[in-house]
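Asks: sharing a model prediction with you, sequence too.
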Amino acid sequence: MTRTEFLPYGLPSIGEDEINEVVDSLRGGWLTTGPKVKRFETEFAEYVGARHAIAVGSCTAALHLSLMALGIGPGDEVIVPTMTFCATANVVVHTGAKPVLVDVNEYLQIDPDSIARAITPRTRAIIPVHYSGMACDLDEIIRVAQQHGIPIIEDAAHAAGTRYHGRLIGTHGLSTCFSFYATKNMTTGEGGMITTNDDAFADHVRRLSLHGMNRDAWKRYGETGSWYYEVTEAGFKCNMMDMQAAIGIHQLRRLESFNDRRRAIAARYNQAFSEYSELRLPEEIAGRNHTYHLYAVQIREEATNLDRDTFIAALKKARIGTSVHFIPVHRHPYYSEHLGYTPAMFPVAERRYHGLVSLPCYPAMSDRDVEDVIQAVREVIGASRHNMETPAAASLTLAAA
C-alpha cells in the first residue's frame, strides 16, 4: 500500500461557520473573555443539562479549579486512575495533595473495587476518567462515593457527547471537566469547560478562574460594566477567550454529527479487524454509548511475534499516524520516584498497556483514509504471520516489509 500523504493520528474539523465567527470576534474587537464565552457557556450547559457551565483555558485548568474550590490541599488524598494522561494526577500535586493511583478494569476504566480499597480518612475527592469516549461504571462509583461522603470530579476530556444510560455526561458528579483540545471530539483549539448543578460551587469556581474577583470581570469594559471589583481570594488566570468560544459555539452544534462519524469509522474498523486474533478491539458496554475519542487496539503479544514498536513503525512507513493512550501515570519517573508507585501495583493497567495502540479515528478522515488504515494494518499483520510461518525470514524486520 502506498499513500502519497501522511495521515495524521488526529485532526480537527473546522468549517466556515467557525472561521466566520472568529473573524467576527477579530473585527468586533472583543478578543478575550466576553459575550461569546457567555453564549458558549449557556449553550453547553443546555446541551448537557447542567445548571452551570464555566469555560476555562483547558481541561487541566478545569480539574485544578474544581479541586481548589473544594479546598483540597496538603495532607489530603485524591483517587485517580493510573490509565490517564498525566494532567489528571498533576493537578492533584499542584494543590499540595497526594494523588492516590488505582488500577483499571478490562475496559481501561477506573475500577470501582480499587477505589473502595484506596479510600482512607484523608480521601477528599475521586476523579474517574471516562476513557476513550465510553463512560465509567458511574452507578457503582457514585455508590462508593456516597457511602463515604466523597465528592466526584469527572474527567470527561474524552467524553463530550457521551451518554450513560441515556443521560449525557456532565451532571453525574459534583463537577464534570471537559477538554476542547485540537484532537478532541469538539475543539476550541485549546480550552475546557466545567459543568455543575451546585450553585455555590459554580460561583466559587468562576471567581477562582479569574484572579478571585468577586464580579463578572469580563463586563468591566462593557456598557453595563463597572470598574470596581474586589479580590476575595487568591485566584488564577484560567479564563477562555471569545476567539476560542467563537469556534466552540459552532463545534457544539456539530458534535452529534462528529460523534456519529467516529462511530461509523469504529464500526468499519471492527468489521475489518474482527478476523484478526492478533488484535484486541475496543469493547462496548450496553447502556454506554461509545463516542470513540480513541479507537485503541491492543496487540495480543501471546498470539503474534508482532510487538507494538514494530507495528507503529510499519504503519508510519505506510504513512499512517498512530499514538499510545496512555503511558500509565505510575510509569512516569516523577510518580515512581517521588511517590513510590511500581508496575506490580497495577496488574491490569500493566497488562493492557503493553501492545496498546490508538489508530486514527476522526471526522476529517475520508472513506479512502479509513480504508488505507485498514489495508496498512492488514499488511503489517500479514507480514507478521508470514515471518512466524517462515523461520528463515524471522530476521527481517516488519518495518522493512
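Replies: Okay, I see it.

Asks: now the longest helix anywhere in the chain: buried residues?
Replies: The longest helix of the chain (DSSP state H) is helix 242-273. Across helix 242-273, burial judged by 16 or more other Cβ atoms under 10 Å covers 242-252, 254-255, 258-259, 261-263, 265-266, 268-269, 272-273. Bear in mind the C-beta positions are built from the backbone N, C-alpha and C, glycine included.

Asks: kindly report the same for stretch 185-200.
Replies: Buried, per 16+ other Cβ under 10 Å, within stretch 185-200: 185-188, 190-198.

Asks: what is the burial count for the closest residue in space to Gly170 that isn't next to it in sequence?
Replies: Spatially, and ignoring its direct neighbours in sequence, Gly170 is nearest to Val48 (2.9 Å; Cβ to Cβ, 6 or more residues apart in numbering). Neighbourhood size, Val48 [other Cβ atoms under 10 Å]: 19.

Asks: low-confidence stretches in this structure?
Replies: 1, 215-225, 390-401 (pLDDT under 70).

Asks: can you give me the strands in it?
Replies: Ranges of strands in the chain, per DSSP state E, are 52-56, 77-81, 98-102, 123-126, 153-156, 163-164, 167-168, 175-179, 192-196, 279-280, 288-289, 295-299, 356-359.

Asks: compare the ones you listed and give me the one nearest Arg3.
Replies: strand 356-359 (14.5 Å; Cβ to Cβ).

Asks: please save the CA atoms from that closest one in CSV.
Replies: This file holds the C-alpha atoms of strand 356-359, laid out as CSV (Å, rounded to 0.1, in the frame of the first residue of the first chain):
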residue,chain,number,x,y,z
LEU,A,356,-1.8,-0.6,23.3
VAL,A,357,-2.1,1.5,20.1
SER,A,358,-4.6,4.1,19.0
LEU,A,359,-5.5,4.2,15.3
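
Asks: show me what that strand is in contact with.
Replies: Applying Cβ atoms under 8 Å, 6 or more residues apart in numbering, the contact partners of strand 356-359 are 9, 269, 294-299, 308, 311-312, 320, 322-325, 373, 377.

Asks: mind giving me the ChimeraX select for the residues you listed, buried ones only?
Replies: Applying 16+ other Cβ under 10 Å to these, the buried members can be selected in ChimeraX as follows:
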select :269,294,295,296,297,298,299,308,311,312,320,322,323,325,373,377
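
Asks: please name the bridge partners of Val80.
Replies: Leu101 (DSSP bridges).

Asks: what sits against it?
Replies: Applying Cβ under 8 Å, 6+ apart to Val80 gives the contacts 88-89, 92, 99-102, 127, 129, 329.

Asks: and which of those residues is nearest Ala383?
Replies: The closest of those, once distances to Ala383 are taken by Cβ to Cβ, is Val329, at 33.9 Å.

Asks: wait, the closest one sits on Thr84?
Replies: Yes: using Cβ atoms under 8 Å, Val329 is in contact with Thr84, at 6.4 Å.

Asks: just give me the neighbour total for the residue nearest to His64 when sequence neighbours are not counted.
Replies: In space, and not counting its chain neighbours, His64 is closest to Val91: 4.2 Å by Cβ to Cβ, 6+ apart. Here the number of neighbours of Val91 (other Cβ under 10 Å) works out to 28.
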